[in-house]
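> output the structure for:
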Amino acid sequence: MRSMSEEVSQGHEQSVRDHPDGEEIVARSQVVLDGDLSKAKLISLILIGREEEALDYKQSYNLSGKVTKDRVEMVRDVVAMANTSGGYIVLGVNENRSGGTLTFEPVGISEEHLKSLDIDKLKPQIESYLNVSVPIKLQIHRLDEHGGRCFAVVYVEESPESPIIMEKDGQYQEEIGKSKDVFRAGDVVVRDGASSRGADQNAVREQISKMRRRERERWTEEILGVRELVERIDQLVGVLSGEVSLPSAGDTIRRASTSPRFEDADYFLGAAGFERMVFGTLRAGSDIDLMWYLNNVGASFYRAVEEAARYEDVAQVSRIRDNELEPLLDNLTVLAITCARYQRPQFLPNVRDAFYRIYERAHTTTFGPSLQQAEIIISWVWETVIKRVYTIGATLLRGGFYNEVPLFIRQEITWDDWYGNEFWARHALKMRARENRLDRRGLCAITEQFIKEREWFYQQYGEREDDVISALCQFDFLQCVHAIHESGRPSAGYPSFGTYYNHRTEPIIGKVIKDDRAREALLPQLSDEELATIIKILDQRADSVSGLLNGWTLNDWRDTEIEAFLDRYPDPVLCVMMDNGSKASCPPQLPSLGTAERTSRGGLAGGLTPGRFREAGRPGPDERIRHDSPRRRLPAQPPETRW
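Residues are numbered from 1 along each chain as shown. Below you'll find the predicted structure:
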């Protein structure tokens, strides 16, 4: 029987081979939920021109007067977004249906409705149907691009209290005097594509998953508290029975320094509780306990998968996913971050290897019908792993652990020669997009949402969303540089950071240009000319990723030293491999998305050749190092660590 990965690969193999590495990655959602209410954001939301899960258009909204259809539908849509993943509502866009075609026309908000449009009035109206607060923001802009008319953008955050349940009927009077219900008291509404509706079984399971994530930390404290209570009771019983004596001060100190023993249940603890377990093990210097955990974590993951596959009830499968599979991967991520924080980076290669064993085994695993109904499929495993890898990489980068960052970038796919020169982040992104399951525009946006949903990880950034986005963008940039340099193909690096403004990524670009120590650790053996070439490639590709939406802008550098560095190296003349095998020269213009650019040697003209910074001891079959390239040396002192 063929594995699912073989089916995925063979199903798309011909199109990939016809267009070498020029496959476009397309997400189901074009909206990035960053809370931006700027004029540029509003313009980009209007330009999308279609509704989706995180975007809804409304012609207007009247806060004054009687309860109307528009008002009740606004309540429904806001609550539905809060119950799902959040979203934007744009006011001032009219929906037109003609001959089965749906279009949206930006017409602006009427002056009458504009006068009463205020967040201090909107929020109480919505919450009058609920018993909880809904996190929303509103901003009004006058757009010269649309004849000076006014539009409003409402941002709805995902609610930490979801599922929000309607407390009273959403009812309005039609013109003929008949009452109509948009929702009823007790309903749970969610977003489903471009519409808001009552939650079905799948949506209810997703809401239960969110509740489990929130409650896992409390469960962990209760589990650990029960353990400590049992230990104290056992000790007290021993003392009262005369079998043991009260512990001396020395015994107490020795017990405090003893490593906690990992048990199977510990794989699934909440993040804060698991951090305590890891800290105790590190403090005791018990390397063997950590290695036991790392060597067995992959087997535990797939035992849980096999257990879930035995159930036909999707609710039971979802429970195992939420209480075992996801927490296990979360805790492996916690282990990596905790080891780095307490200066134990020697365990990080083992963490990377443990993640890759889980990633690799997915392609030989059969995911049966009940697993598939719960969205546990091969590409889910890949994306789920890579979200944690990005979380680790971004956190290490932010903490100044530069030498360890490439560990989590440079993992090649080892089971398939066709993907052998592709790193795992690009592989996961491509496979998820092929199945139309890529929910956000690239790995930065996907991982940002993941971090915000998990309290322990979000706290590592002081619960500052801007810091999360910036760290992810900078890690993604480095991942793209490695991918392009390793393969010699500009299209090998998909710049998810292009979804966001340049200033998010620019600090790491300036860092590797100006800081020799950071360059040698993050991008070893990369010459100035090669770095300049790749930055220019990614500048153009990131601009293409942002497209008409707000985000990355070509040549928009705040740091003048970056601009001066790039000016020192003129654009290289690239050689493009045509479909018929012939080669054509390009003018001094960098390639656009979807083009497979190779020189006759497999690399880029101008000195960019594949395999230039493979790990020591693992030279590639096509590795060519130009010894005339300038090199960077690593100073003796370690990089400064910020936590």
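
> just give the nearest non-adjacent residue to the residue positioned nearest the centre of the chain, would you?
Centroid-nearest residue in the chain: residue 447, 1.5 Å away (criterion: CA atoms, centre = their mean). Nearest non-adjacent residue to residue 447, counting by CB to CB, 6 or more residues apart in numbering: residue 390, 4.2 Å away. Every residue, glycine included, has its C-beta placed from N, CA and C.

> wait, the one you found sits on residue 445?
No. Using CB atoms under 8 Å, residue 390 is not in contact with residue 445, being 10.7 Å away.

> who's more crowded, those two?
The neighbour comparison of residue 390 against residue 445 (other CB atoms under 10 Å) goes to residue 390, with 28 against 24.

> list the buried ones in the host helix or strand of that one?
Applying DSSP states H and E as the criterion places residue 390 in helix 378-399. For helix 378-399, a neighbour-count test (16 or more other CB atoms under 10 Å) marks 378-399 as buried.

> tell me the mean pLDDT for it?
Here helix 378-399 scores 96 as its mean pLDDT.

> list the helices and strands it packs on?
Secondary-structure packing of helix 378-399 (3 or more CB pairs under 8 Å, 6 or more residues apart in numbering; DSSP states H and E): helix 4-18, helix 326-341, helix 348-361, helix 424-434, helix 443-452, helix 465-487.

> could you rerun that using 6 Å?
In terms of contacts (3 or more CB pairs under 6 Å, 6 or more residues apart in numbering; DSSP states H and E), helix 378-399 is packed against helix 326-341, helix 348-361, helix 424-434, helix 443-452, helix 465-487.

> could those go into JSON lines alongside mean pLDDT?
What follows is those, written out as JSON lines (pLDDT from 0 to 100):
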{"stretch": "helix 326-341", "mean pLDDT": "94"}
{"stretch": "helix 348-361", "mean pLDDT": "97"}
{"stretch": "helix 424-434", "mean pLDDT": "89"}
{"stretch": "helix 443-452", "mean pLDDT": "91"}
{"stretch": "helix 465-487", "mean pLDDT": "94"}
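
> out of these, nearest to residue 37?
Minimum separation from residue 37 across those (CB to CB) falls at helix 465-487, 13.4 Å.

> could I have the CA atoms of that closest one written out in PDB?
Included here for helix 465-487 are C-alpha records, laid out as PDB according to Å, rounded to 0.1, in the frame of the first residue of the first chain:
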ATOM      1  CA  GLU A 465       2.400  40.900  19.300                       C
ATOM      2  CA  ASP A 466       4.900  43.200  17.500                       C
ATOM      3  CA  ASP A 467       7.800  41.400  19.000                       C
ATOM      4  CA  VAL A 468       6.400  38.000  17.900                       C
ATOM      5  CA  ILE A 469       5.900  39.100  14.300                       C
ATOM      6  CA  SER A 470       9.400  40.800  14.000                       C
ATOM      7  CA  ALA A 471      11.200  37.700  15.400                       C
ATOM      8  CA  LEU A 472       9.400  35.400  13.000                       C
ATOM      9  CA  CYS A 473      10.000  37.600  10.000                       C
ATOM     10  CA  GLN A 474      13.700  37.800  10.800                       C
ATOM     11  CA  PHE A 475      14.000  34.000  11.200                       C
ATOM     12  CA  ASP A 476      12.100  33.500   8.000                       C
ATOM     13  CA  PHE A 477      14.500  35.800   6.200                       C
ATOM     14  CA  LEU A 478      17.400  33.700   7.300                       C
ATOM     15  CA  GLN A 479      15.600  30.500   6.300                       C
ATOM     16  CA  CYS A 480      15.200  32.000   2.800                       C
ATOM     17  CA  VAL A 481      18.900  33.000   2.600                       C
ATOM     18  CA  HIS A 482      20.000  29.500   3.500                       C
ATOM     19  CA  ALA A 483      17.500  27.900   1.000                       C
ATOM     20  CA  ILE A 484      18.600  30.000  -1.900                       C
ATOM     21  CA  HIS A 485      22.300  29.700  -1.200                       C
ATOM     22  CA  GLU A 486      22.000  25.900  -0.700                       C
ATOM     23  CA  SER A 487      20.100  25.200  -3.900                       C
END
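
> please report how far residue 488 lies from residue 344.
Distance of residue 488 to residue 344, computed by CB to CB, to the nearest Å: 36 Å.

> hmm, I was thinking of residue 60
For residue 60 relative to residue 344 (CB to CB), the value is 58 Å.

> how about low-confidence regions in the chain?
1-28, 64-65, 212-268, 439-440, 547-548, 571-643 (pLDDT under 70).

> roughly how far does residue 523 sit from residue 534?
To residue 534, residue 523 is 9 Å away according to CB to CB.

> I misspoke; the intended subject was residue 70.
Distance, residue 70 to residue 534, by CB to CB: 50 Å.

> same check, this time on residue 198
Relative to residue 534, residue 198 is positioned 50 Å away (criterion: CB to CB).

> among those two, which residue is more densely surrounded?
Neighbours were counted for residue 198 and for residue 534 using other CB under 10 Å; residue 534 has more, 23 against 16.

> could you verify that that one is part of a helix?
Yes. Counting by DSSP: H, G, I helix; E, B strand; the rest coil, residue 534 is found in a helix.

> I'd say residue 158 and residue 87 touch.
No. At 8.8 Å, residue 158 does not count as touching residue 87 under the criterion of CB atoms under 6 Å.

> ok, the two, which is more surrounded?
Neighbour totals were compared for residue 158 and residue 87, and residue 87 leads with 25 against 18 (other CB under 10 Å).

> quick one: the helices in the stretch 451-600 of the chain, in order.
455-459, 465-487, 502-514, 516-522, 528-546, 560-567 (DSSP state H, counting those that start in this stretch).

> for the ones you listed, give me TSV that also has distance to residue 310.
Converted to TSV, the helices of the stretch 451-600 of the chain look like this (distance: least, CB to CB, whole Å):
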stretch	distance to residue 310
helix 455-459	31
helix 465-487	37
helix 502-514	45
helix 516-522	45
helix 528-546	42
helix 560-567	56
